[in-house]
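> Coordinates only, no sequence provided:
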């Protein structure tokens, strides 16, 4: 194995496992870069990636250029930043798993009923990984994200998964504990204190004092008997949780846990007060799994043609084998949880030999696992960017697209949402001109007199109009005229407001829609009326505006497939 190739910790059958001869080295290197970016919370300088991975700078540059071409990272000066589209890798695992689609609503309802945070987790080797979070917003609230990996022994779900472990799994857990006594391999949790020696008063011999997780085997045995488990401040002081397994076909499919703080509940309170309600919710979840019809297959990715064209266009700066290897992950999905080698090749458009080498590499790194003649994705796929991206808001998703649009048009660009009868600006890129539109993020304006507001009002099933007050002599103040204008906006897909909010101000706006088609925000370009006529706004600005909104929507569809994206 070349010295500058960094394998994933715990990859393959154990630390130090040799890389298979048929493994795709660029894929190993590219995944190392994605992992380091994830550990850096989504952003790192290129020189930082060089140091963290041990790869040559030229290799880092080619890998990040390839990932940028795929839309998985964004290059911002000397930094590489994870982009929302990378979540399609984790989405492939979550879609294949089916559990989030079937159980998320149950978890959300339980969180609302109890007014406490509720988590769904799956086992990932000797750890647990979250697949859904329904959190309560409080001063002391849960900070874990979808995809975060925690050591099993420091959680409530861990003993329930460990109750099904065999000797191989227990041996791996003990080896990991010995190799990483402070849990440095789990950046989502605070490090635990290193075990230390104290003098035994009886014979003056050193005695090892207990540390967090030492009683894990006992807790797993108790969970096997009782069917539930507690976390009494194992991760950090104040955090408590109670957990129950959700079973499918007799096996633990996932674990649901209610998480609280000692200021509201002790661990004993959770057990005595909330466990019965948790049992009711779990029973409903298990009925959902039993009654769920077979999933209709997702559309296959089929990106082999695109990767070939990118290679032809960019030459050696595009690492085609890396792009093809990541494409193999996207072959899986809803109704495509288990795929043969032939099915992977057909789904991606790759040659069978190419798909085979990618699967060998992904298996070595722990991202796929073979079962007889089929392959499945593992929860480790969520470790490729999902945790930092799972908290991304709409304004953060839109920001780079707004910047690009502003630079192309040399005009101010904004994103806004509807709040009552007003719009609220949530993202904005302004130009530096003598005369420019000066509005800050957070500002509010009457919806009826703005292009952003009219797009948002037109997206409502039935818009209730407030009192229409004149802002300028051009402002529409007659309700019937405004309703007719909203009908036109709904039909044409854009709003043009010419000096109705302020004299000399002209703007054009289009909607931003979520996965279901609902209008959740609007984006506009605003300018002084001396710079473009209304006709030029439609002919020159509107196509660029539609294209930018389409790119925001594409990212929003990926980011919002298995979570609610905050719009503000």
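It's in. Every value quoted in this text rests on a predicted model; they were computed, and no experiment measured them.

> Just the pLDDT for residue 317.
Looking at residue 317, its pLDDT stands at 84.

> if you skip the residues just before and after it, what's nearest to it?
Once its chain neighbours are removed from consideration, residue 317 has its nearest residue in residue 65; the separation is 4.9 Å (C-beta to C-beta, 6 or more residues apart in numbering). The C-beta positions use only the backbone N, C-alpha and C, and glycine is treated the same way.

> give the contact list for that neighbour.
Residue 65 makes contact with 75, 314, 317-318 under the criterion C-beta atoms under 8 Å, 6 or more residues apart in numbering.

> Report the buried members of the residues you listed.
Listed as buried from those are residue 318; burial here means 16 or more other C-beta atoms under 10 Å.

> would residue 441 count as being in a strand?
No. Residue state for residue 441 (DSSP: H, G, I helix; E, B strand; the rest coil) corresponds to coil; a strand is not indicated.

> That one: how many residues sit nearby?
13 (other C-beta atoms under 10 Å).

> Where does the residue nearest to residue 317 fall, secondary structure wise?
Here residue 65, judged by DSSP states H and E, is contained in helix 57-69.

> What count of nearby residues applies to the closest residue to residue 479 other than its chain neighbours?
Sequence neighbours aside, residue 465 is the residue nearest to residue 479 in space, at 5.4 Å (criterion: C-beta to C-beta, 6+ apart). For residue 465, the number of neighbouring residues by other C-beta under 10 Å comes to 13.

> wait, residue 465 sits on residue 483?
Yes. Assessed by C-beta atoms under 8 Å, residue 465 is found in contact with residue 483 at 7.4 Å.

> average pLDDT for stretch 499-519?
Looking at stretch 499-519 alone, the average pLDDT works out to 95.

> Same question for stretch 131-150.
Per-residue confidence for stretch 131-150 averages out to 80 on the pLDDT scale.

> phi, psi of residue 277?
Note on residue 277: backbone dihedrals following degrees, to the nearest 10 are phi -70, psi -30.

> can you tell me how far residue 317 sits from residue 36?
Taking C-beta to C-beta, to the nearest Å as the measure, residue 317 falls 20 Å from residue 36.

> nope, residue 425 is what I meant
Residue 425 sits at a distance of 35 Å from residue 36 (criterion: C-beta to C-beta).

> what's the answer for residue 460, then?
Between residue 460 and residue 36 the distance is 44 Å, computed by C-beta to C-beta.

> Between the two, which has more neighbouring residues?
Using other C-beta under 10 Å as the criterion, residue 460 and residue 36 rank with residue 36 on top: 20 against 13.

> how about the more buried one, what does it touch?
For residue 36, the residues meeting the contact criterion (C-beta under 8 Å, 6+ apart) are 44, 49, 52-53.

> give me that answer again for 6 Å
49, 52-53 (C-beta atoms under 6 Å, 6 or more residues apart in numbering).

> Out of the residues you listed, flag the one nearest to residue 143.
The shortest distance between residue 143 and any of the contacts of residue 36, using C-beta to C-beta, involves residue 52 and amounts to 23.4 Å.

> Let me know the secondary structure of residue 413.
Under the three-state scheme (three-state DSSP), the conformation of residue 413 reads as strand.

> pLDDT at it, what is it?
At residue 413 the predicted local confidence, pLDDT, stands at 96.

> What residues of the helix or strand harbouring residue 174 count as buried?
Using DSSP H and E, residue 174 maps to helix 167-179. Applying a neighbour-count criterion of 16+ other C-beta under 10 Å, one finds 169, 172-173, 176-177 buried in helix 167-179.

> my read: residue 449 touches residue 470, true?
No. With contact defined as C-beta atoms under 6 Å, residue 449 does not count as touching residue 470 (8.8 Å).

> got the buried residues for stretch 450-464?
Across stretch 450-464, burial judged by 16+ other C-beta under 10 Å covers 450-459, 463.

> Then stretch 39-54?
Under 16+ other C-beta under 10 Å, the buried positions of stretch 39-54 are 40, 42, 44, 46, 48-50, 52-53.

> Could I get the average pLDDT for stretch 476-494?
In this model, stretch 476-494 has a mean pLDDT of 97.

> Report the residue spans of the protein with pLDDT below the cut-off.
1-17, 137-142, 193-210, 299-305, 432-438 (pLDDT under 70).

> That one - how does it break down into domains?
Recorded structural domains for the chain (assignment: automatic domain parsing) are 25-91+297-389, 99-288, 394-559.

> Quick check: which of these is nearest to residue 568?
Of all the domains of the chain, domain 394-559 sits nearest to residue 568, with 5.5 Å by C-beta to C-beta.

> what about the residue nearest the centre of the chain, distance to residue 189?
In the chain, the C-alpha closest to the average C-alpha coordinate belongs to residue 390, at a distance of 2.9 Å (C-alpha atoms, centre = their mean). With distances taken as C-beta to C-beta, residue 390 is found 17 Å from residue 189.

> Could you do residue 173 as well?
Taking C-beta to C-beta, one finds residue 173 at 16 Å from residue 189.

> what do you get for residue 259?
Note on residue 259: its distance to residue 189, by C-beta to C-beta, is 13 Å.

> Have a look at these two and say which one is more surrounded.
Remark: of residue 259 and residue 189, residue 259 carries more neighbours, 27 against 18, as counted by other C-beta under 10 Å.

> Correct me if wrong, but the more buried one is in a helix.
No. The assignment for residue 259 (three-state DSSP) gives strand, which keeps it out of a helix.

> Quick check: it touching residue 241?
Yes. With contact defined as C-beta under 6 Å, residue 259 counts as touching residue 241 (4.4 Å).

> which residues touch residue 219?
Contact partners of residue 219, counting by C-beta under 6 Å, 6+ apart, are residue 159.
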